[in-house]
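# Let me see the structure of the following:
(one chain, ligands or ions: 1)
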Amino acid sequence: MSTSPGMYELILRKRNRGRLSPAEIEGLVAGYTSRDVPDYQMAAWLMAVYFRGMTSEETAALTSAMMNSGRVFDLSDVPGPKVDKHSTGGVGDKVSLILAPLVAACGVKVPMVSGRGLGHTGGTLDKLASIPGFRSNLRFRQFRDNLQNHGCCIMGQTRELCPADRQMYALRDVTATVDSIPLIAASIMSKKLAEGIDGLVLDVKTGTGAFMSRTPQARRLARTMIGIGSRMGKKVVALVTGMWEPLGQAVGNSVEVVEAIEALKGNWRLDLEEVTLALGEEMLLLAGRAGTRAQARRLLMRALTGGAGLDRFRAMVKAQGGDPAVVDDYDLLPRARYTIPVLSPDSGYVRLIDALQVGLLAVELGAGRKTLKSKVNPGVGLRFCKKVGDRVEPGEVLVEVLAAEKKLGAATAARLLQHLTVSRTAPRDGGRVVARLSK
Ligand code: URA
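Residues are numbered from 1 along each chain as shown. I've put the predicted structure just below:
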């Protein structure tokens, strides 16, 4: 596509609330992938979409154009149902690390293409990269073989998979056009549909730490993604789950790997357990491995308590070049130099831990990226000793700041206190699974 007037006309039409045909959307995506459409015109079009939205036909056309901009994996020769789980992004969300091996141990193949951290949210790939030797830049053949042999494999988005999404996402990240329902839905679904899956369970986050902080918006995002999936003949279920406080105790990279391994050993906080098992149940139901939620729960618990989930995690790490000994020796993982405790000033109950602010502070510490080129420090982060609802006494440790520099760690500790509230009365625990949506 030439830079103008074709692209000019498409920007103008979207700006003026008009619709684009599937062929026009396909041409626009192809033009951007081949670099015929320049960044400034694509940025203008994305901003027009941000304000004017897209119809479900346009969103489906965008998803399909992005999916077809690269290779679409064919896993049909790998026997068994293939079901993935995807989160829209949160703080302390290490669920994929636990769920992929656990569900694989229940007989479902879990092909996962995951991402790096985005903004204040953490990324599965960054967490796994803290395991010495772990490689996520696999070729398709290796991904397929690991999936067949071990039941799960987590890789990153390579050059061949949805290149249009990679380019557009990078542009959205710097042009304030991330939090748009059709753009998020098309971005996520194009990658997931290119994985060669039969079914998908979505964890759509709502709350301060989510991209869609309000629950009605999160529900709309879930419905949009379910609609795209069913148009493409895939089974999609979504759980809307709370991201008001960080999930579990750890926020960072190696510290979250430790928490995930502990979870696979059966030691986890209630919120992490609740969200992980609820998503796991949906995956087993979608795959046809269980007929009821209770049956699915029993299968998951058996894989957990019998150690089969942990064995799959070890096997997955080894198959991807990582050191499986980390499972038994956490000293093999990177560690921050300083641990700075944040003490409770009052007695009472933890009422609020602002997930967004915690995510931003974790990025400041080096657990995430401030720019596309920033390097992540795998050992830094935060460890919450108390969570919302827990009783605390004055002087008890609320959080540990894991920092590479003492000054930054102390400053983070001071700022954290502004985003934690302790009150006299215990907050009501309404659970983390807010809604379940399906076609
Ligand atoms: N995750 C994605 O992959 N894409 C988005 O647009 C937002 C979250």
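
# what is residue 435 paired to in the beta sheet?
Partner residues in beta bridges with residue 435, using DSSP bridges, are residue 240.

# Please tell me I have it right and it contacts residue 237.
No - applying C-beta atoms under 8 Å, one finds residue 435 not in contact with residue 237, separated by 11.2 Å. Bear in mind the C-beta positions are built from the backbone N, C-alpha and C, glycine included.

# neighbour-wise, which of the two wins?
residue 237 (22 against 14; other C-beta atoms under 10 Å).

# Which neighbouring elements make contact with the strand or helix carrying residue 279?
Using DSSP states H and E, residue 279 sits in helix 270-287. In terms of contacts (3 or more C-beta pairs under 8 Å, 6 or more residues apart in numbering; DSSP states H and E), helix 270-287 is packed against strand 83-87, helix 95-104, strand 199-206, strand 235-242, helix 254-264, helix 293-305, strand 433-438.

# what helices or strands is the second one leaning on?
For helix 95-104, the packing partners by 3+ C-beta pairs under 8 Å, 6+ apart come out as strand 83-87, strand 110-114, helix 124-128, strand 152-156, helix 254-264, helix 270-287, helix 293-305, helix 308-319.

# ok, residue 411 - how many residues close by?
Look at residue 411: counted by other C-beta under 10 Å, it has 17 neighbours.

# Does it lie in a helix or a strand, and which?
Assigned by DSSP H and E, residue 411 belongs to helix 406-416.

# partners of the helix or strand just after that helix in the sheet?
Counting by DSSP H and E, the next helix or strand C-terminal to helix 406-416 is strand 420-423. With DSSP bridges as the test, strand 420-423 is paired with strand 348-353 (antiparallel).

# Same question for the partner strand: list its buried residues.
348, 349, 350, 351, 353 (16 or more other C-beta atoms under 10 Å).

# Could you do stretch 28-48 as well?
In stretch 28-48, counting by 16+ other C-beta under 10 Å, buried: 28-33, 37, 41-48.

# Output the lowest mean pLDDT helix or strand found in this structure.
Here the helix or strand of the chain ranked lowest by mean pLDDT, DSSP states H and E is helix 163-173, holding a mean of 91.

# how about the CA coordinates for that helix, as PDB?
These are the backbone C-alpha positions of helix 163-173, laid out as PDB (Å, rounded to 0.1, in the frame of the first residue of the first chain):
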ATOM      1  CA  PRO A 163       4.800  -9.900  13.100                       C
ATOM      2  CA  ALA A 164       2.100  -7.300  12.500                       C
ATOM      3  CA  ASP A 165       1.000  -7.600  16.200                       C
ATOM      4  CA  ARG A 166       4.600  -7.200  17.300                       C
ATOM      5  CA  GLN A 167       5.100  -4.000  15.300                       C
ATOM      6  CA  MET A 168       1.700  -2.600  16.200                       C
ATOM      7  CA  TYR A 169       2.000  -3.400  19.800                       C
ATOM      8  CA  ALA A 170       5.400  -1.600  20.100                       C
ATOM      9  CA  LEU A 171       3.800   1.400  18.400                       C
ATOM     10  CA  ARG A 172       0.700   1.300  20.700                       C
ATOM     11  CA  ASP A 173       2.900   1.100  23.700                       C
END
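
# helices or strands next to that helix in the packing?
Secondary-structure packing of helix 163-173 (3+ C-beta pairs under 8 Å, 6+ apart): helix 22-33, helix 39-52, helix 56-67, helix 181-193.

# Spatially nearest residue to residue 215 (excluding sequence neighbours)?
Distances taken as C-beta to C-beta, 6 or more residues apart in numbering place residue 206 nearest to residue 215, at 4.5 Å, with adjacent residues excluded.

# Cool, thanks, signing off.
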